[in-house]
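> just coords:
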């Protein structure tokens, strides 16, 4: 009887433990909406830019076909899903030093011409702690003196509980490239991976500058 009673108690405790649910933390009230870039560009400049307007025009014409190919490669490696996936792999709210937020990714880019004109919320949301991160432009640049780099223009807009942005911070992040664009016979995937990595580094640079600018205004 004693053994049966002990076993029964143990069964009750086990059942109670199995039925108990661990409380889950409530979802953050803040929302951070993220949009990828619509516009890509590639700009190569040689030594011709140092010889006045005629030299600059000749230099630009000489690189036009190559820049068109590089622009296509850039938009393929950093398409909309690629941009949002890269940003989503980062702790965006932490890097921006904002309150914990639910990150909401938007697949379709905003029309570039509307990004600066529309100051109201771009997403339908009633969040009392709402913000937006917009990738405005992605630029591959090669300069004869400075080498190759990927520059990305980000716009961070903070609304709080308001329908219009209370604060807008807009700035470039830029970092050097060693592999992209790949030469014939090079590993294309390695070049694409480098673009994604440098794209994330661009955002991290942007976030550091944003936090510094926000701290300076306090």
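Now that the structure is in, tell me what you want to look at. Fair warning: this is a prediction, and the values are worked out from it, not measured in the lab.
> Tell me the buried residues in the longest helix belonging to the chain?
When the chain is parsed with DSSP state H, its longest helix is helix 188-216. Applying a neighbour-count criterion of 16 or more other Cβ atoms under 10 Å, one finds 191-192, 194-196, 198-203, 205-207, 210, 214 buried in helix 188-216. For every residue, glycine as well, the C-beta is placed using N, CA and C.
> Nearest residue to the middle of this protein?
residue 87 (4.0 Å; Cα atoms, centre = their mean).
> Lowest-scoring secondary structure element of the chain by mean pLDDT?
helix 2-19 (a mean of 43; mean pLDDT, DSSP states H and E).
> mind listing what the residue nearest to residue 83 when sequence neighbours are not counted touches?
Nearest residue to residue 83 in three dimensions, chain neighbours excluded: residue 36, at 3.8 Å (Cβ to Cβ, 6 or more residues apart in numbering). With contacts defined as Cβ atoms under 8 Å, 6 or more residues apart in numbering, the neighbours of residue 36 are 79, 80, 83, 84, 106, 107, 109, 135.
> Excluding sequence neighbours, find me the nearest residue to the first one.
So that's residue 79. residue 36 (7.9 Å).
> what does the second one give?
The spatial neighbour of residue 80 that comes closest, neighbours along the chain excluded (Cβ to Cβ, 6+ apart), is residue 36 at 4.2 Å.
> swap in the last one?
Counting by Cβ to Cβ, 6+ apart, residue 37 is the residue found nearest to residue 135 once chain neighbours are left out, at 4.0 Å.
> Phi, psi for that neighbour please.
phi -80, psi 150 (degrees, to the nearest 10).
> burial measure for it, as a count.
The local packing of residue 37 (other Cβ atoms under 10 Å) involves 24 other residues.
> now swap in residue 128 and tell me
12.
> and the residue nearest to it when sequence neighbours are not counted, what pLDDT?
Nearest residue to residue 128 in three dimensions, chain neighbours excluded: residue 161, at 4.2 Å (Cβ to Cβ, 6+ apart). pLDDT recorded at residue 161 is 97.
> Among the contacts of residue 36, name the ones in helices.
Those of these lying in helices (DSSP H): 80, 83, 84.
> which one among the residues you listed gets closest to residue 100?
Using Cβ to Cβ, residue 84 is the member of those that lies nearest residue 100, at 19.4 Å.
> dump the residue contacts of the closest one.
So residue 84 contacts 34, 36, 105, 106, 107 (Cβ under 8 Å, 6+ apart).
> Low-confidence ranges, the chain, go.
Within the chain, the ranges that satisfy pLDDT under 70 run 1-28, 46-63.
> Fine by me, we can end here.
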